[in-house]
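> sharing a model that was predicted from the sequence below.
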Amino acid sequence: MRKDTQATKATDIKRVWHLIDLKGQTLGRICSKIANLLMGKSKPYFIRNLDCGDYVVAINAKEVKATGNKELLKKYYYYSGYPGGLRTETLENLRDKNPKEIIRHAVSGMLPQNRLRDRMFTRLFIFPDANHSYKDKFSAKGRSASG
């Protein structure tokens, strides 16, 4: 009797909700964990051409930690496409204006640049403080609350 590896189908994928508290976590280290959860790389049936990832709710985005002098030296660039349209912003200023964008930008760079990226990215929910609207997803048994 010969046993072959079965190919993963879209119906085989089971999605779990993960709650990650970013308070005091280092930016790059925690964002790589978030990216792996969104891709589903830790699952035994992971396959690159299917979207196997889970849902991730990240709270306390304002309180994520940056090492060294990155608070003042790390810059985010935006270009409008017009002459003189290059805008720069430091991590410190972006934390005050829109702390969700810090996490979104870091995780975005860690996801694969392919057609599945947008679908993976829609399952990431970032909140600047501890209040979030997905409390019911974590109360049921079998749900994850990691971080």
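Perfect, thanks for sending it. Note that this is a predicted model, so its numbers are computed, not measured. Numbers count the residues shown, from 1 in each chain.
> pLDDT below threshold where in the chain?
139-147 (pLDDT under 70).
> let me see the ranges of the helices in it.
Assigned by DSSP state H, the helices in the chain fall at 27-39, 70-73, 91-97, 99-110, 117-121, 136-139.
> so which of those helices is the most packed in?
Counting by mean count of other Cβ atoms under 10 Å, helix 27-39 has the highest mean neighbour count of these, with a mean of 19. Any C-beta I mention is one placed from the backbone N, CA and C, and that applies to glycine too.
> wait, doesn't Val107 sit right on Met39?
No. Val107 is beyond contact range of Met39, at 10.4 Å (criterion: Cβ atoms under 8 Å).
> for Glu101, which non-adjacent residue is spatially closest?
Leu94 (5.9 Å; Cβ to Cβ, 6 or more residues apart in numbering).
> might one say that the one you found is in contact with Ile103?
No. Using Cβ under 8 Å, Leu94 is not in contact with Ile103, being 10.7 Å away.
> what touches both of those two?
Common neighbours of Leu94 and Ile103, counting by Cβ atoms under 8 Å, 6 or more residues apart in numbering, are absent.
> list the buried residues in stretch 39-47.
By neighbour count on 16 or more other Cβ atoms under 10 Å, the buried set for stretch 39-47 is 39-40, 43.
> er, stretch 56-63 actually
For stretch 56-63, burial by neighbour count (16+ other Cβ under 10 Å) applies to 56-61, 63.
> stretch 128-138 now?
128, 132, 137.
> distance to Asn114 added to those, as JSON lines?
JSON lines is the format used below for those (distance: Cβ to Cβ, whole Å):
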{"residue": "Pro128", "distance to Asn114": "29"}
{"residue": "His132", "distance to Asn114": "29"}
{"residue": "Lys137", "distance to Asn114": "27"}
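> does Arg95 touch Lys65 like I think?
No. Between Arg95 and Lys65 there is no contact under Cβ under 8 Å: 10.8 Å.
> circling back to that earlier point, looking at the buried residues of stretch 39-47, which is nearest Gly85?
Distance to Gly85, by Cβ to Cβ, is smallest for Met39 among the buried residues of stretch 39-47, at 32.9 Å.
> perfect, that will be all.
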